[in-house]
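Chemist: based on what follows, work out the 3D shape:
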Amino acid sequence: MSLQPVIAVELREGSCLGETPSQRGGGEGVLLEIIQGAYFALASGNPNEGFPQTDQLKMKDQSLRKVEQEMDSLTFRNQQLAKRVELLQEELSVCDTKGKKNKHKIGDSPSQHNHQHQSVINEDLQKKIEENERLHIQYAEADERHRLLENQLRERLDVLEKETAQHQAIVDGLTQKYMETIERLQNDKARLEFSQYLHENAAYVRPLEEGMLQLFETITEETVTTLHYTQKAALEQELPTLTQKLKTTNECILSSLVSLTNVTGKPRPESVPYEEALANQRVLLSSAESREGLALQVQQSQEKIAKLDQEKEHWMLEAQLAKIKLEKENQRVSDLESQLIGVISRQPSPILQENLSIQPKTPEEEEVERNTGQPVRSESLVPDEECREQLIKNHYMARVADLTSQLQVADSKAVHFYAECRALAKRLTLAEKSRESLTKGMKDANQNISHLQDELTTTKRSYEDQLSMMSDHLCSMNETLTKQREEIDTLKLVNKVTNSKPEVVAGYFISAVIELGGCPKIIRSDLGTENVHVNRLQRFLREDENGTLSEPAILQGRSTANQRIEWWWGFYRRQNVDYWRDLFLEFQSVGDFNGHVVDKGLIQFCFLDVIQRELDTVVRMWNNHRIRPGGSGRDLFHGRPFLMYQAPELYQAQDYLHPVDYDKLDIIVEEGVCIWKTGIPCDPDLHELCVLLMEEHHLESSYTALEAARLYRELRPLVREILS
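Modeler: Numbers count the residues shown, from 1 in each chain. Coordinates of the predicted model:
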């Protein structure tokens with residue numbers, strides 16, 4: 001076991017304590033500036049208080065403001081005290097001058113007067129020191145409360161963040177559910193509106209239905225009329241007086257009616273339902289052959305348009321011829337009527353009437369017959385011929401339009417079915433290829449499975465053989481590991497952070513520099529190896545931008561030169577260290593300590609905090625003790641070290657704190673040349689185990705040496721029982 005706190009305090013205080021304010025003001029021994037940061041760290045129980053943490057500094061601003069206000073009031077009182085000390089020093093100098101002149105007259109009265117003034121000053125200084133100590137304790141307590149509150153708030157923030165994430169997941173689920181409900185309601189609303197729309201349109205559909213019925217009756221009536229005309233034409237065919245032109249016309253009309261009847265007698269195909277038409281449209285749009293089918297359909301439509309244009313021109317020509325024929329027929333009818341009137345008046349014979357009824361063909365009629373290829377029938381023979389022709393023409397035109405639309409629909413369906421068949425054929429080909437590839441992949445997978453099963457069997461057998469061999473090997477290795485474990489634990493204890501390491505001493509130095517905001521002008525230290533890093537860091541902090549030093553930054557010498565602090569620590573060793581050594585030797589003699597790594601860790605866990613508090617008491621005693629004036633030509637500065645450090649102007653001294661660049665401090669921290677002492681005095685695992693055992697068995701922490709010894713004797717069997 002190493003007494004880490006003892007060595008740390010000796011370094012921090014021993015390098016400067018015992019020096020007079022004039023030596024400090026002259027730049028020698030200014031390592032006293034480190035005492036401020038170390039004193040705060042020891043008073044709070046955490047040596048890492050000086051570690052640079054920007055976040056903690058920001059959070060401590062509020063508490064620091066309160067302390068600064070108190071420090072301002074204390075500074076004002078110190079100034080008043082300084083003025084009073086100056087007056088007393090002037091009176092003392094006057095008294096000394098008078099004493100030298102009238103030495104035989106004064107006797108002991110001036111010394112008694114000086115002693116009274118000195119006692120008053122000492123009482124005032126003692127009060128100020130106690131008040132300053134109280135303020136530091138309040139600052140440490142406020143800092144601890146602030147840290148606990150921060151940890152509680154962070155834990156609460158983590159809990160609230162988890163709850164927020166859970167609530168957000170619930171809100172997302174409910175939002176999705178509500179969106180689905182809204183969509184379903186919107187669909188229902190659309191259906192209801194569509195139903196209402198159909199219901200409203202029923203009033204318009206009924207008149208349409210009635211109109212269609214009337215149209216059907218009209219068509220039926222016209223058909224009956226047409227059939228009557230057909231019967232009449234058949235009777236005319238049997239008359240002996242029928243002309244060849246009339247007979248040919250009747251045969252043409254009759255054949256047209258027969259063909260029209262045959263066509264209309266065929267069952268009309270059912271129309272495609274609306275939903276099926278939409279599905280066909282989606283298939284057509286998604287089909288790979290839709291573009292080719294549409295192109296073919298467009299080409300056919302263009303051909304039909306060209307044919308219809310030709311037919312249009314043909315019928316326009318026929319219409320012009322029919323118009324000319326109509327004019328001539330009207331003129332001829334008028335002539336015939338005049339002749340008929342004349343003949344009737346003269347009462348011609350039947351033969352003449354027959355000759356009159358059969359008129360020769362005009363040149364225009366012969367030309368029409370040659371162009372149309374159909375015989376031209378005189379309209380004067382039948383009174384209602386023009387009306388019947390118009391009805392027949394209208395009926396045939398409507399039927400032709402209907403048949404044309406049906407033909408176009410049939411062509412479109414044929415193109416669609418053709419494209420769909422081609423797409424299905426391609427899909428079938430791709431499916432066949434996919435089936436072949438999947439079959440091949442399945443065969444390969446089956447082969448791989450059989451191969452892997454063989455490998456698994458072989459590997460399983462080899463592992464079983466290896467495990468049987470390893471079980472014997474592990475049995476032999478367990479004994480070796482047990483021996484090596486004790487050696488490793490011993491090495492761990494040896495490698496623990498001790499104050500003899502220069503990295504630890506450098507950590508104390510950098511913590512004090514950060515706490516004070518600057519480094520000393522000159523460091524005075526001995527030639528020990530633990531001060532190597534401190535000397536290098538002092539040079540690095542004092543160097544300018546060019547890496548040079550304008551004046552010395554380190555003063556080295558023998559440790560015996562500082563006799564006052566050496567005597568102080570020698571007194572402490574004689575009075576206190578012997579007690580601890582005797583206590584631990586007693587543990588060893590009665591069998592409570594055998595040198596095992598667990599026993600050493602328990603000693604550190606139980607006793608180091610008690611020893612640290614004892615060392616803190618020694619530090620406070622040194623900082624608050626009174627240094628008497630020296631003789632033999634030495635400076636006459638005297639007083640309490642803490643006040644001499646905090647208020648050097650009271651002793652006509654100057655503060656030589658050298659400001660540092662925080663970028664250099666960041667470099668030092670990043671390089672890892674310092675070891676920051678933690679609050680765990682022993683191995684972390686052992687510390688955690690001891691804390692759990694104390695909570696489980698309701699053991700109290702130790703504050704005195706006797707309580708620490710009791711705690712050690714209670715924890716030792718519990719820890720050994722768990723580790724055995």
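Chemist: now the strands for the chain?
Modeler: 518-519, 523-525, 554-556, 658-659 (DSSP state E).
Chemist: strand partners (parallel or antiparallel) of the third one?
Modeler: For strand 554-556, the pairing partners within the sheet under DSSP bridges are strand 523-525 (parallel).
Chemist: which parts of the strand it pairs with are buried?
Modeler: Of all the residues in strand 523-525, those buried under the rule 16 or more other C-beta atoms under 10 Å are 523-525. Where C-beta positions appear, they are placed from N, C-alpha and C, glycine not excepted.
Chemist: please apply the same query to stretch 209-227.
Modeler: With burial defined by 16+ other C-beta under 10 Å, the residues of stretch 209-227 counted as buried are residue 226.
Chemist: what lies in contact with that stretch?
Modeler: By C-beta atoms under 8 Å, 6 or more residues apart in numbering, the surrounding residues in contact with stretch 209-227 are 257, 391-392, 395.
Chemist: check stretch 68-76 too.
Modeler: Residues contacting stretch 68-76 (C-beta under 8 Å, 6+ apart): 128, 131-132, 135.
Chemist: again, only this time at 6 Å
Modeler: Residues outside stretch 68-76 that contact it (C-beta atoms under 6 Å, 6 or more residues apart in numbering): residue 135.
Chemist: quick check, pLDDT for residue 65.
Modeler: Model confidence at residue 65, given as pLDDT, is 71.
Chemist: cool, and residue 197?
Modeler: Looking at residue 197, its pLDDT is 81.
Chemist: that one: neighbour count?
Modeler: 9 (other C-beta atoms under 10 Å).
Chemist: tell me the spacing between it and residue 421.
Modeler: Distance, residue 197 to residue 421, by C-beta to C-beta, to the nearest Å: 39 Å.
Chemist: now, of the contacts of stretch 209-227, which are buried?
Modeler: 257, 392, 395.
Chemist: from the residues you listed, pick the one nearest residue 87.
Modeler: Proximity to residue 87 was ranked across the buried ones among the contacts of stretch 209-227 by C-beta to C-beta; first place goes to residue 395, at 142.7 Å.
Chemist: just to revisit the earlier point, among the buried ones among the contacts of stretch 209-227, find the lowest-pLDDT one for me.
Modeler: Lowest pLDDT within those is found at residue 257 (75).
Chemist: gap between that residue and residue 395?
Modeler: Plainly put, residue 257 is 10 Å away from residue 395 if you go by C-beta to C-beta.
Chemist: just to revisit the earlier point, in CSV: the buried residues of strand 523-525, plus distance to residue 594 and pLDDT.
Modeler: Formatted as CSV, the buried residues of strand 523-525 follow (distance: C-beta to C-beta, whole Å; pLDDT from 0 to 100):
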residue, distance to residue 594, pLDDT
523, 43, 87
524, 44, 83
525, 39, 83
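Chemist: now render the buried ones among the contacts of stretch 209-227 as a markdown table, adding distance to residue 248.
Modeler: Listed next are the buried ones among the contacts of stretch 209-227 as a markdown table, based on distance: C-beta to C-beta, whole Å:
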| residue | distance to residue 248 |
| --- | --- |
| 257 | 15 |
| 392 | 16 |
| 395 | 21 |
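Chemist: for residue 595, state which of those residues is nearest.
Modeler: Nearest to residue 595 among the buried ones among the contacts of stretch 209-227 is residue 395, at 129.0 Å by C-beta to C-beta.
Chemist: can you pull the contacts of that closest one?
Modeler: Taking C-beta under 6 Å, 6+ apart, one finds nothing in contact with residue 395.
Chemist: can you tell me how far it sits from residue 222?
Modeler: Counting by C-beta to C-beta, the gap from residue 395 to residue 222 is 7 Å.
Chemist: got it, and residue 152?
Modeler: The gap separating residue 152 from residue 222 is 101 Å, by C-beta to C-beta.
Chemist: swap in residue 565?
Modeler: According to C-beta to C-beta, residue 565 stands 139 Å off from residue 222.
Chemist: try residue 295
Modeler: Distance, residue 295 to residue 222, by C-beta to C-beta: 42 Å.
Chemist: center of the chain, which residue is that?
Modeler: residue 165 (12.3 Å; C-alpha atoms, centre = their mean).
Chemist: just for the stretch 51-200 of the chain, where's the confidence low?
Modeler: The stretch 51-200 of the chain contains residues with pLDDT under 70 at 51-60, 62, 99-117.
Chemist: now the helices: where do they sit in it?
Modeler: Taking DSSP state H, counting those that start in this stretch as the criterion, the stretch 51-200 of the chain carries its helices at 54-59, 61-101, 103-106, 109-237.
Chemist: quick one: those helices as TSV, columns for distance to residue 704 too.
Modeler: Converted to TSV, those look like this (distance: least, C-beta to C-beta, whole Å):
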stretch	distance to residue 704
helix 54-59	32
helix 61-101	31
helix 103-106	52
helix 109-237	20
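Chemist: can you give me the mean pLDDT across stretch 209-217?
Modeler: Average pLDDT, stretch 209-217: 87.
Chemist: let me redo that: stretch 590-607
Modeler: Mean per-residue pLDDT for stretch 590-607: 87.
Chemist: got the CA positions of that stretch in CSV?
Modeler: Only the C-alpha atoms of stretch 590-607 are listed here, as CSV (Å, rounded to 0.1, in the frame of the first residue of the first chain):
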residue,chain,number,x,y,z
VAL,A,590,-3.2,-11.2,14.1
GLY,A,591,-3.8,-12.6,10.6
ASP,A,592,-6.2,-9.9,9.3
PHE,A,593,-3.7,-9.0,6.5
ASN,A,594,-1.5,-11.5,4.5
GLY,A,595,-0.3,-9.3,1.6
HIS,A,596,-2.9,-10.6,-0.9
VAL,A,597,-4.1,-8.2,-3.5
VAL,A,598,-7.7,-8.3,-2.1
ASP,A,599,-6.4,-7.3,1.4
LYS,A,600,-4.4,-4.5,-0.1
GLY,A,601,-7.4,-3.2,-2.0
LEU,A,602,-9.6,-3.4,1.1
ILE,A,603,-7.0,-1.4,3.1
GLN,A,604,-7.1,1.3,0.4
PHE,A,605,-10.9,1.3,0.3
CYS,A,606,-11.3,1.6,4.1
PHE,A,607,-8.4,3.8,5.2
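Chemist: buried residues, it. List them.
Modeler: Per 16+ other C-beta under 10 Å, stretch 590-607 contains these buried residues: 592-593, 597-607.
Chemist: helices - which of those land there?
Modeler: If you go by DSSP state H, the buried residues of stretch 590-607 have 597-607 in helices.
Chemist: now, which of those sits nearest residue 544?
Modeler: Closest approach between these and residue 544, by C-beta to C-beta: residue 604, at 44.0 Å.
Chemist: now do residue 393 against residue 694, distance only.
Modeler: With C-beta to C-beta as the criterion, residue 393 and residue 694 are 119 Å apart.
Chemist: let me fix that: residue 483
Modeler: Taking C-beta to C-beta, one finds residue 483 at 31 Å from residue 694.
Chemist: and residue 185, by the same measure?
Modeler: Residue 185 is 65 Å from residue 694, where distance means C-beta to C-beta.
Chemist: and the two? Which one has more around it.
Modeler: Per other C-beta under 10 Å, whichever of residue 185 and residue 694 has more neighbours is residue 694, with 17 against 10.
Chemist: perfect, that will be all.
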